[in-house]
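1. Let's see this in three dimensions:
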Amino acid sequence: MRTTYRAHQQVDQGIVALRRYVSEFEEVENEQQQPQLQLIDSKRHGRNHKQKPDAIYISTKEGRLINVNQPLSDLLGYSQEDMLGMDVRDIFSSPAELDMLLQEIDHKGYAISNRMRMLKKDGGEVVCLVTSTVRWYNDDNIPGNQPMLKSWVRSAS
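-> Just a heads-up that it's a prediction; the model follows:
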């Protein structure tokens, strides 16, 4: 009976020692990983801080804006309502750049990351990367059965 008690006591002491060892090991491991975790967090925070929602517009092939999102209106200084119905020529600084973009879209069906100057409401310019593609929409707000241009705009400055 006494040997059973001693055996249990030794097992309990062994478990306590093992828990202490595991706890110390975890502390050392956490201390070693802390600089790496801080670096990962700072990179993640920096990346999230730099990432902004895409500015997007949808236009008819003729160039009439039929849908714009808030980031685009914020970028250019217009309200979304003011932009609806505008011609894309009213928001691009260079007609030649816009013509080249439209020719590329006509030729390939898309254009990727074209560096273009866009006009702000206050008359200033902002350099942007514009990616566009031809899409077909069946949406109540967008007339169906005709190709539309969906464009993503990112400020390059």
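2. quick one, strands of the protein?
-> 55-60, 65-68, 110-119, 125-136, 147-155 (DSSP state E).
3. hey, least reliable of these by pLDDT?
-> Ranked by mean pLDDT, these bottom out at strand 147-155, with a mean of 85.
4. list the buried ones in that strand?
-> Of all the residues in strand 147-155, those buried under the rule 16 or more other C-beta atoms under 10 Å are 148, 149, 150, 151, 152, 153. All C-beta spots, glycine's among them, are computed from the backbone N, C-alpha and C.
5. As a markdown table, the residues you listed with distance to residue 62 would be great.
-> Shown next, in a markdown table, are those (distance: C-beta to C-beta, whole Å):
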| residue | distance to residue 62 |
| --- | --- |
| 148 | 10 |
| 149 | 10 |
| 150 | 15 |
| 151 | 14 |
| 152 | 20 |
| 153 | 19 |
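6. Count residues in the vicinity of the nearest residue to residue 90 once chain neighbours are set aside, would you?
-> With C-beta to C-beta, 6 or more residues apart in numbering as the criterion, residue 90 has its nearest non-adjacent residue at 7.3 Å, and that residue is residue 119. When neighbours are defined as other C-beta atoms under 10 Å, residue 119 has 17 of them.
7. Also residue 117?
-> Residues lying near residue 117 (other C-beta under 10 Å) number 14.
8. Quick check: it touching residue 95?
-> No. With contacts counted by C-beta atoms under 8 Å, residue 117 stays clear of residue 95, the gap being 11.0 Å.
9. Now do the buried residues in stretch 119-135.
-> Within stretch 119-135, the residues that count as buried by 16+ other C-beta under 10 Å are 119, 126, 128, 130, 131, 132.
10. quick check, nearest of those to residue 74?
-> Within the buried residues of stretch 119-135, proximity to residue 74 (C-beta to C-beta) peaks at residue 126, which comes in at 11.2 Å.
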